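# Take this sequence and fold it.
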Amino acid sequence: MEFSKKDLEQIENHNLSVFQVEKQLENFKKGFSFVNLEKPAVIGDGLLRIEEEKAKEYVNIFEKYVLDAKVVKFVPASGAATRMFKDLYDFKSSFDSTKNTLQDFPKAKEVIERIKDFAFYEKLLPFGIEKLLEEKKYLQIIDLILEESGLAYGQSPKATIVFHKYSDEVRTAFEEHLVEAATYCVNNKREVNLHFTISENHKEKFSQLFESVREKYESRFDCKYIVEFSEQKSSTDTVAVYLDNSLVRDNEGNIIFRPSGHGALIENLNDIDADLIFIKNIDNVIHDKFKETTYIYKKILAGVLLSLKNKIDYYLNIISKQSFDFSIFEEIKAFCKSSLAIDLKDFSDFENKEKYCDYIIEILNKPIRVCGMVKNEGQPGGGPFWIRNTNNELSLQIVESAQVDMGNVSQKEVFNNSTHFNPVDLVCSVKSFEGKKFELRNFVDYNMGFITEKSQQSQIIKAQELPGLWNGSMANWISVFVEVPLETFTPVKTVNNLLDKGHCPF
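Below is the predicted model of the structure:
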């Protein structure tokens, strides 16, 4: 399409090229293909269950490794808490004391009736919350939680909301990640590395929060925090279109660019130089009373990864020198089948050993991720599946419902038969057997993007998201799925979740 001079300036200011924008427009017209589900990954077929003795072995492997390595905890934390308070906003817009009672709004009712159980309750005291409760001024109570007249939580990053109460302090979600990382990411220099992805308009708020608590936690855990913040890059933004695929513009004729989902964070992850990277969402934290299981399984997942990577690097170092016995090929093939769920081609399919070595290196010299999976109890989101690609090859992938043709009865049945769920609990290795950092963008399947419909000023528009960070953005990584206990997954999707046992154990 033809772009005006003003359009071209906008595109350039977003660090995008005309080619990239045209590609986005083409994606809207053609759409993205659905994945081809073969079967769910289950225990014994793509999903590992770790026995107690092996668990101890993996914990030991990691605890020795972390002392001399750079381990980083990567936390996507750019989201505002607006969706967390959706039920309260609905209450605000709909409640009429002359027509309604609290019974008509069960979620808001629970918040009001149990408001003293929230860890942030004491922060409401200076705003006269006690008097409002006595006078049953429900809308004003909700306003104190959401609006600038009170805590302004409706506009705050979820990371800065007070989640948990202790005998002598309260902690935000951000602080709970500091506490966690000090337990399993600390090296022999007592350094703890964390990286939070944030939005630009919240940068100062994060920095102030960190500086206000840094000394307390460094003293408590005898460590030094090295915390980095990064923002989603503007070059990952995408245009939006109307249903006729024409560009969405604002009232002044400017192209509207939209964030492209968590898949954009592959760029941020790509910028991190580390030996091992843990990935965990900002809201998936738990009260100290229940943290021990989380700590143990973080170490188990990392130990599994290190054990596999050591073996992979061993094999790749041998065949890269091409001075070995041919029996090594069968050994590697068996290892890939049993430990990586990769079915290598036979040596007989190649002209010579050099070409077969190149093939093995191509398959195994990749980033590795070990992903925790919890038993599925109806949570929304993705799960572990075997998928078949256009080359008729099977691989393990984390698949979201939006990637599946739910109009296809057999595909829907496969998706619904999944036994486990992805809680965004990953450990990643992003360096080659030669110690070089991978260019992670080379391992993205860009055909696994999403197109969704949204409402804007009473019109339906189509928005485009990049392949999800733990979906298509890691599609060409080596993937290993491990079962983890359900108690390691305690997300806070709504404010009412803060009343669950894992967050409010008293």
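# Correct me if wrong, but L396 is in a strand.
Yes - counting by DSSP: H, G, I helix; E, B strand; the rest coil, one finds L396 located in a strand.
# give the contact list for it.
A41, G46, A341, P384, F385, W386, S479, V480, F481 (CB atoms under 8 Å, 6 or more residues apart in numbering). Every C-beta, even on glycine, is put in place using the N, C-alpha and C of the backbone.
# how far away is it from Q411?
17 Å (CB to CB, to the nearest Å).
# what does E57 give?
Where Q411 is concerned, E57 sits at a distance of 39 Å (CB to CB).
# residue ranges with poor pLDDT in the stretch 351-500 of the chain?
380 (pLDDT under 70).
# Could I get the full set of strands for it?
368-375, 383-388, 394-399, 420-421, 425-429, 450-456, 459-465, 478-483 (DSSP state E, counting those that start in this stretch).
# Tabulate these (TSV), appending distance to S348.
Shown next, in TSV, are these (distance: least, CB to CB, whole Å):
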stretch	distance to S348
strand 368-375	28
strand 383-388	24
strand 394-399	21
strand 420-421	37
strand 425-429	31
strand 450-456	41
strand 459-465	43
strand 478-483	24
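# for these, which one sits closest to I142?
strand 450-456 (24.1 Å; CB to CB).
# Can you give me the buried ones in the closest one?
F450, I451 (16 or more other CB atoms under 10 Å).
# Ok, stretch 488-501 next?
T488, F489, T490, P491, V492, T494, V495, N496, N497, L498.
# Next one, pLDDT for N13 please.
As predicted, N13 sits at a pLDDT of 92.
# so who does it touch?
By CB under 8 Å, 6+ apart, the neighbours of N13 are S234.
# now with 6 Å?
Contacts for N13 (CB atoms under 6 Å, 6 or more residues apart in numbering) come out as none.
# swap in E267?
Contacts of E267 (CB under 6 Å, 6+ apart): K233, T236.
# my read: S199 touches S78, true?
Yes - look at S199 against S78 with CB atoms under 6 Å: they come within range, at 4.6 Å.
# With neighbour numbers in mind, choose between the two.
S78 (24 against 16; other CB atoms under 10 Å).
# per-residue pLDDT, the more buried one?
89.
# try the one 5 residues further on
Note for R83: predicted pLDDT of 89.
# gap between the closest residue to it other than its chain neighbours and I282?
Using CB to CB, 6 or more residues apart in numbering and skipping residues adjacent in sequence, the residue nearest R83 is K493, 7.6 Å away. In this view, K493 and I282 are 12 Å apart by CB to CB.
# Starting from the longest helix anywhere in the chain, tell me the next helix or strand along the chain.
Ranked by residue count and defined by DSSP state H, the top helix of the chain is helix 291-321. Using DSSP states H and E, the helix or strand that follows helix 291-321 in sequence is helix 327-339.
# could you give the mean pLDDT of that next one?
Here the average pLDDT along helix 327-339 is 95.
# tell me the angle it makes with strand 478-483.
40 degrees (axes from the mean of the first three to the mean of the last three CA atoms, to 10 degrees).
# which outside residues touch helix 327-339?
Y315, I342, L344, F347.
# Show me what counts as buried in that helix.
Neighbour-count burial for helix 327-339 [16+ other CB under 10 Å]: F329, I332, K333, F335, C336.
# Pull the distance from that helix to the chain's centre.
32 Å (CA atoms, centre = their mean, to the nearest Å).
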